[in-house]
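**Student:** give me a model of this one.
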Amino acid sequence: MNESKELFNVLPPEEAWETFRAHLHPHVRVEHIATEDALDRVLAQDLIAPHDLPMFRRSTVDGYAVVAEDTFGASPGLPAYLTIVGEVPMGRAPDVDVGVGEAVIVHTGGMLPESADAVVMLENTHRVDEEGIEVFHPVAPGENVIQIGEDIRRGDPVLPRGHRLRPQDIGGLMALGLTTIPVAVRPRVAIISTGDEVIPPERTPEMGQVRDINAYTLSALTQRAGGIPRRLGIIPDRREALREALRRAKEEADIIVLSAGSSVSARDMSAAEIQALGQPGILVHGVSQRPGKPTILAVCDGTPVIGLPGNPVSAMVNFILFGVPTIHLWLGARERRPCTVEAKLARNIASIPGRVDWIQVRLEEREGELWAVPVLGKSNLIYTLIRSDGMFQIPLNSNGLPEGTRVTVYLHP
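**Tutor:** Numbering: from 1, shown residues only. Model prediction:
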């Protein structure tokens, strides 16, 4: 089969994604879970603060709650003298107030008496006796005090729908008493490996056989993106077996990913069975990039289907480009900026105009500058990925890039 028939509508990567994206209509399902279990989950609704935080004025230091005006002009040579009239125990409201010329002992995080408007740090005072202190430095109103609602006000937006929860977000929600929250149900991603030569990792390969790499790499990428991987096993190169696996995947999952092997016959069979799975069927069959030119993007009765090459590097790179953003859509997740660094290219890299090339690199620091050192190898060599920190793109119509060019390196997930 010639290439023009096999790859019948090769598109640049961005155009391929836009063509695919236009046919994706995700439905974000909602579930309520304990906030403590929500790390990396995506919010399904906007969250609003139910009350002010903090709910009372608090001291930021150990010291004395005072009326700030009573300290104006205080200095080491002419300290202000204040009378101690009580102490605020931690975890309790004050049962004493501050009058003119008076001070109340407070601790970090403790509540201020009603009339106090500042706190003098303990280090800026001297205890004269049981009843009095000298203050050596003046304080301004509000100094060393967290005001009511200074962190967040009642009714203010806390976090938006589509936000992926970080550790600090969990703490912030707990501070507001939001112990149960609505999150997007994680999409189920069916992962199908194909090929008569592919065997499970626990088996010892015979000559001509290879262990299944892609199912596990793609499962890990799916989990990191927020989906639930469902490996459906290794399917032999038989049409009826692939048809049954795709049918099962469509019933059980929200997204289907097929690692279709490297032979032309395997890709032919995969394309035909994907096309028969539902309408509109295949939208993109071929992406003008290396690695991963034979990638298939399809939508079958609402279910996204991504057909990846069998080579591990091709499969991983193209899943990052097309599979990960599809999972994000099914989560209703806000678009995430890729993690990138700028580096100098450590050697000349040639390319062929008319395709995008993704080059794997490791990062090295040399005399204070970051360099991108290409890790070259064919797309079936998984250790080119393992030895690399990220990848950069050679543009579509470039002949390559010379040594010393500044490139944007997309760090691997």
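**Student:** helices along this structure, start to end?
**Tutor:** 3-6, 13-21, 167-175, 214-225, 239-252, 264-275, 312-318, 324-331, 383-386 (DSSP state H).
**Student:** so where's the stretch 201-350 of the chain shaky on pLDDT?
**Tutor:** 261-267 (pLDDT under 70).
**Student:** care to break the protein down by domain?
**Tutor:** Residue ranges for the domains of the chain, per automatic domain parsing: 3-29+185-331, 30-53+150-184, 58-146, 340-411.
**Student:** which one of these is the most hemmed in?
**Tutor:** domain 3-29+185-331 (a mean of 19; mean count of other CB atoms under 10 Å). In short, each C-beta sits where N, CA and C put it, glycine included.
**Student:** give me the distance between that domain and the centre of its chain.
**Tutor:** Taking CA atoms, centre = their mean, to the nearest Å, the mean C-alpha location of domain 3-29+185-331 is offset from the chain mean by 22 Å.
**Student:** for the helices of the chain, which one sits closest to D301?
**Tutor:** Smallest distance to D301 across these (CB to CB): 7.7 Å, for helix 239-252.
**Student:** what sits against the residue nearest to I105 when sequence neighbours are not counted?
**Tutor:** Closest residue in space to I105, ignoring its immediate chain neighbours: E87 at 3.9 Å, by CB to CB, 6 or more residues apart in numbering. Taking CB atoms under 8 Å, 6 or more residues apart in numbering, we find E87 in contact with 96, 104-106.
**Student:** again, but for H23
**Tutor:** By CB under 8 Å, 6+ apart, H23 lies in contact with 280, 283, 299.
**Student:** adding distance to A34, write those residues out as JSON lines.
**Tutor:** Listed next are these as JSON lines, based on distance: CB to CB, whole Å:
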{"residue": "P280", "distance to A34": "41"}
{"residue": "L283", "distance to A34": "40"}
{"residue": "V299", "distance to A34": "35"}
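**Student:** of those residues, closest to I394?
**Tutor:** Relative to I394, the closest of the contacts of H23 is L283; by CB to CB it sits at 25.4 Å.
**Student:** returning to what we had before: which of the contacts of H23 fall within strands?
**Tutor:** Within the contacts of H23, residues falling in strands by DSSP state E are 280, 283, 299.
**Student:** now do the same end-to-end measure for stretch 276-286.
**Tutor:** 18 Å (CA to CA, to the nearest Å).
**Student:** let me fix that: stretch 299-313
**Tutor:** End to end - CA to CA - stretch 299-313 spans 24 Å.
**Student:** ok, now stretch 93-111?
**Tutor:** Length of stretch 93-111, first residue to last, CA to CA: 6 Å.
**Student:** who touches that stretch?
**Tutor:** 56-67, 70, 81-90, 92, 112-116, 119-120, 133.
**Student:** for P76, state which of the ones in strands among the contacts of H23 is nearest.
**Tutor:** The nearest member of those to P76, counting by CB to CB, is V299 at 76.1 Å.
**Student:** partners of V120 in the sheet?
**Tutor:** V120 forms beta bridges with Y64, as assigned by DSSP bridges.
**Student:** switch to numbering from 40
**Tutor:** Got it, first residue is 40 now, which makes that one V159.
**Student:** so what's it up against?
**Tutor:** By CB under 8 Å, 6+ apart, the contact list for V159 reads 102-103, 105, 110, 142, 174, 176, 178, 183.
**Student:** tell me how far it lies from P118.
**Tutor:** V159 is 11 Å from P118, where distance means CB to CB, to the nearest Å.
**Student:** got it, and S427?
**Tutor:** Distance of S427 to P118, given as CB to CB: 64 Å.
**Student:** just A337 next, same as before
**Tutor:** The value you get for A337 to P118, if CB to CB is used, is 80 Å.
**Student:** same thing with Y103?
**Tutor:** For Y103, the distance to P118 (CB to CB) stands at 13 Å.
**Student:** need the residues touching each of those two.
**Tutor:** Common neighbours of Y103 and P118, using CB under 8 Å, 6+ apart, are V174.
**Student:** what sits against the residue lying closest to R278 once chain neighbours are set aside?
**Tutor:** Setting aside the residues directly before and after it, R278 is nearest to M308 in space (CB to CB, 6+ apart), at 5.7 Å. By CB under 8 Å, 6+ apart, the contact list for M308 reads 276, 278, 281.
**Student:** list the contacts of stretch 362-380.
**Tutor:** Identification of contacts with stretch 362-380 by CB under 8 Å, 6+ apart yields 56, 59-60, 63, 65, 67, 81, 83, 199-203, 223, 225-226, 228, 257, 260-261, 264-266, 293-294, 296, 343, 345, 347, 402, 409, 429, 447-450, 452.
**Student:** stretch 425-441 now?
**Tutor:** 51, 327, 356, 379-380, 384, 387-402, 411, 414, 446-451.
**Student:** for that stretch, give the mean pLDDT please.
**Tutor:** Computed over stretch 425-441, the mean pLDDT rounds to 90.
**Student:** determine which two of the contacts of V159 are furthest apart.
**Tutor:** The distance between the two most remote of those (CB to CB) is 13.9 Å, for A142 and H176.
**Student:** ok, now how distant is E406 from D428?
**Tutor:** In this structure, E406 and D428 are 19 Å apart, going by CB to CB.
**Student:** and for V249?
**Tutor:** For V249, the distance to D428 - CB to CB - is 26 Å.
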